[in-house]
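K.L.:
Got a sequence here, can you model it:
(one chain, ligands or ions: 2)
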Amino acid sequence: MWAISAAVRQGFVRVERAGEALVGHVGPLFVTIYVVLVGTGMWIFFVCIFPSQMVIPEALQNLAHTKSPIHILLALPGALGTSVMQEPASMMQCIASTICFLYIALMMIWSYYMVCTIPPGTVMDGLSKSHPEKRLGPGSSLWWRLHYQQVAAAANLTPCNTGSPFMKDCGAVENFPATIEQDLTARYRFCKKCLPITMETALALLPPDLRLREKTNRREHFLRARQERAKQNSYNHSEDISAPQGLFDNIDDEGQAEISAWLGPEEAHQIVLPPKPERSHHCRTCKTCVLKYDHHCPWINQCVGLGNERYFILFMLWFGLGTMIFSYMGWGLAYQAFRHPKTWSSMLVHRILYLAIWAKALVMGLAVIVFAMWHLRMIARGETSVENQDNAHYARSAKKRNETFVNMYSLGWLRNFQVFFNVGPGMAHKYYTLLLPVKIEPYSDGWHWAKRQGLNGVHGGVAPEEEFTDDEGEPAEASPVS
Ligand SMILES: [Zn+2]
Ligand SMILES: [Zn+2]
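P.N.:
Ligands and ions are numbered 1, 2, ... in the order given. As a prediction, this is how the structure comes out:
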């Protein structure tokens, strides 16, 4: 099974590379191809396959012989009335099956629309591109705190017992295991591939709890320096040793101006590398760091990451279901079109077009289903495409040392599914929302993650020098697959 999936992935990579070699930026082209193919497929299904396979009252069948669309529209109410009166049972069947297929078509369109338009989330923009004012909405301290609580709940931790300075309304925080605090602490490195930014911007990108840590360090540094200076210049009181403005305030909702004030002008404008939280990776096509990066996908013209990964999976599943229904129900007509071309009677769809779309649906559908299965397996294991490769490497090296690799992001297969889709007990949404066309935010903010308890917030069985940093070069084959 996994050998087939590897072959399918290789196939996708080849098609994408060929496209890239031919036209450069293939995203918009691939999206157009997809929309045209699926649109044509849906049209063929409803005008050709559906009438040939489903129970349809006679009055409605006769309508199909009317050639002009205007006549069909005018005659439709009458035909519907006659059908309800004369053949109520088949009319009910017809209505039920129409609703069912329209629902599948709607979910196919909706999930694809969502995966193409919801941003995967980048380090620079966060999960939404439309929040210029970070004090409200995404990026505000309220928003961060909500996600922090969601992460703690996802990891089955009680957020009030974490003792984090970030959780304010918790009261007594004695007797909490120190590891829980470590589990919830975000880890980050710096991206050498992104464009450097100023220190004030870099600090503004950090979640408030991490920024507070930076600020606390600076505070201690300042107090020490002041003590030193006071000792040395004990007779020179004219020297200014007051703290930079805001250094001793704890404001969650700091904008660049406040940060700049306590950094001081010199440090504020210092050029540094942008931060890169754990699980994010640099995309060379998008030229930025993407939160919980999975891969860059030309079929949706953007990356698959934290913000849109759930729609990516839903899209593959609905697409797989739709194309399988299409191929199965359309098989009879495909056989007829191929073996008995003279008996082909559809006025609206040409025989060759029908055959081409039918074959395409079958091949693409099977390929996407295999690919979806591969992704579902990774979700069950709590890893992304990139992590799948990294973890395989870690597991091999751990084995050589007679140790066992433990993925810190894996909380058991069921919990992994629940946190991935943000549904189920302890998560923000109910299971049934998976079947509805509704927008659902991820449980994580891209910085804090639900981690397996007792590992101190790191993988088990990985030597520190062995950890991948994303600076080693491009990850082998993981990123370009779609
Ligand atoms: Zn980067
Ligand atoms: Zn990308």
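
K.L.:
how close does the closest residue to ligand 2 within the stretch 101-250 of the chain get to P208?
P.N.:
The nearest approach of the stretch 101-250 of the chain to ligand 2 comes at P120, 7.5 Å away (CB to the ion). Using the backbone N, CA and C atoms, a C-beta is placed for each residue, glycine as well. Distance, P120 to P208, using CB to CB, to the nearest Å: 23 Å.

K.L.:
Those two: who's more crowded?
P.N.:
P120 (29 against 21; other CB atoms under 10 Å).

K.L.:
Helix, strand, or coil at the more buried one?
P.N.:
Following DSSP: H, G, I helix; E, B strand; the rest coil, the label given to P120 is coil.

K.L.:
can you check A243 too?
P.N.:
Once three-state DSSP is applied, A243 turns out coil.

K.L.:
Kindly tell me how buried the residue nearest to it when sequence neighbours are not counted is, as a neighbour count.
P.N.:
Of all residues not flanking A243 in the chain, F222 sits nearest, at 5.9 Å (CB to CB, 6 or more residues apart in numbering). F222: 16 surrounding residues under other CB under 10 Å.

K.L.:
what's the spacing between the residue nearest the centre of the chain and E466?
P.N.:
Nearest to the geometric centre of the chain sits E309, at 2.3 Å (CA atoms, centre = their mean). Counting by CB to CB, the separation of E309 from E466 is 27 Å.

K.L.:
Likewise for I271?
P.N.:
31 Å.

K.L.:
L76 against P69, yeah?
P.N.:
No - applying CB atoms under 8 Å, one finds L76 not in contact with P69, separated by 10.5 Å.

K.L.:
which one of these two has more residues nearby?
P.N.:
Neighbour count, other CB under 10 Å: between L76 and P69, L76 has more, with 13 against 9.

K.L.:
Buried ones in the strand or helix carrying that one, by neighbour count?
P.N.:
According to DSSP states H and E, L76 maps onto helix 69-86. For helix 69-86, burial by neighbour count (16 or more other CB atoms under 10 Å) applies to A79, L80, T82, S83.

K.L.:
Also stretch 325-339?
P.N.:
Buried residues in stretch 325-339 (16+ other CB under 10 Å): I325, F326, S327, M329, G330, L333, A334, Q336, A337.

K.L.:
Also stretch 268-287?
P.N.:
Buried residues in stretch 268-287, defined by neighbour count with 16+ other CB under 10 Å: 268, 274-283, 285-286.

K.L.:
What strand or helix carries M408?
P.N.:
Of the helices and strands defined by DSSP H and E, none includes M408.

K.L.:
brain fart, K276
P.N.:
K276 belongs to strand 275-277, assigned by DSSP H and E.

K.L.:
Give the next helix or strand downstream of that strand.
P.N.:
strand 281-283.

K.L.:
can that next one be found next to ligand 1?
P.N.:
Yes - counting by CB under 5 Å from the ion, ligand 1 has neighbours in strand 281-283: H282.

K.L.:
Tell me if the helix or strand just after that strand is near ligand 2.
P.N.:
Next helix or strand after strand 281-283 toward the C-terminus (DSSP H and E): strand 288-290. No - judged by CB under 5 Å from the ion, strand 288-290 stays clear of ligand 2, getting no closer than 6.2 Å.

K.L.:
Can you tell me what sits against strand 288-290?
P.N.:
Outside of strand 288-290, the residues within contact range by CB atoms under 8 Å, 6 or more residues apart in numbering are 120-124, 191, 194, 274, 276, 280-283, 303, 305-306.

K.L.:
Return the distance of that strand from the chain's centre.
P.N.:
13 Å (CA atoms, centre = their mean, to the nearest Å).

K.L.:
quick one: average confidence on it?
P.N.:
For strand 288-290, the mean pLDDT works out to 94.

K.L.:
So is that strand next to ligand 1?
P.N.:
Yes - using CB under 5 Å from the ion, strand 288-290 comes into contact with ligand 1 via C289.

K.L.:
same question, stretch 460-473
P.N.:
No - residues of stretch 460-473 are not located near ligand 1 by CB under 5 Å from the ion, the shortest gap being 8.0 Å.

K.L.:
So for that stretch, what gets flagged as buried?
P.N.:
Buried-residue list, stretch 460-473, by 16+ other CB under 10 Å: G460, G461, V462, F468, D470.

K.L.:
what's the closest of the residues you listed to ligand 1?
P.N.:
Ligand 1 has its nearest neighbour among the buried residues of stretch 460-473 in D470, at 8.0 Å by CB to the ion.

K.L.:
For that closest one, report the pLDDT, please.
P.N.:
On pLDDT, D470 comes in at 69.

K.L.:
Repeat that for F50.
P.N.:
pLDDT at F50 comes out at 88.

K.L.:
which stretch of helix or strand covers it?
P.N.:
helix 50-53.

K.L.:
CA atoms only: put stretch 61-73 into CSV for me.
P.N.:
Coordinates of each C-alpha in stretch 61-73 appear next as CSV, following Å, rounded to 0.1, in the frame of the first residue of the first chain:
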residue,chain,number,x,y,z
GLN,A,61,-37.8,12.4,-18.5
ASN,A,62,-39.8,13.8,-21.4
LEU,A,63,-38.4,17.3,-20.5
ALA,A,64,-34.9,16.1,-21.4
HIS,A,65,-36.0,15.7,-25.0
THR,A,66,-36.8,19.4,-25.2
LYS,A,67,-33.7,21.0,-26.8
SER,A,68,-33.9,24.6,-25.8
PRO,A,69,-33.0,25.5,-22.2
ILE,A,70,-35.7,28.2,-22.1
HIS,A,71,-38.4,25.7,-23.0
ILE,A,72,-37.1,23.3,-20.3
LEU,A,73,-37.4,26.1,-17.7
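
K.L.:
what's the next secondary structure element after the helix or strand bottoming out on mean pLDDT in the chain?
P.N.:
Within the chain, no helix or strand scores below helix 178-184, which has a mean of 65 by mean pLDDT, DSSP states H and E. In the C-terminal direction, the helix or strand that comes right after helix 178-184 (DSSP H and E) is strand 188-190.

K.L.:
wait, does that following strand contact ligand 1?
P.N.:
No - counting by CB under 5 Å from the ion, ligand 1 has no neighbours in strand 188-190; the shortest distance is 9.0 Å.

K.L.:
Quick one: list the elements packing against that strand.
P.N.:
On a contact count with 3 or more CB pairs under 8 Å, 6 or more residues apart in numbering; DSSP states H and E, strand 188-190 meets strand 275-277.

K.L.:
Contacts for the strand it packs on, please.
P.N.:
In this structure, residues lying in contact with strand 275-277 by CB under 8 Å, 6+ apart are 123, 186-191, 194, 202, 205-206, 282, 289, 291, 446-447, 470.

K.L.:
cool, stretch 294-304 as well?
P.N.:
16, 19-20, 26-28, 30-31, 34, 112, 115-116, 119-120, 283-286, 290, 293, 305, 308-309, 312, 384-386, 478-482.

K.L.:
circling back: tell me who's in contact with the residue nearest to the centre of the chain.
P.N.:
Neighbour list for E309: P120, K292, D294, F420, P442 [criterion: CB under 8 Å, 6+ apart].
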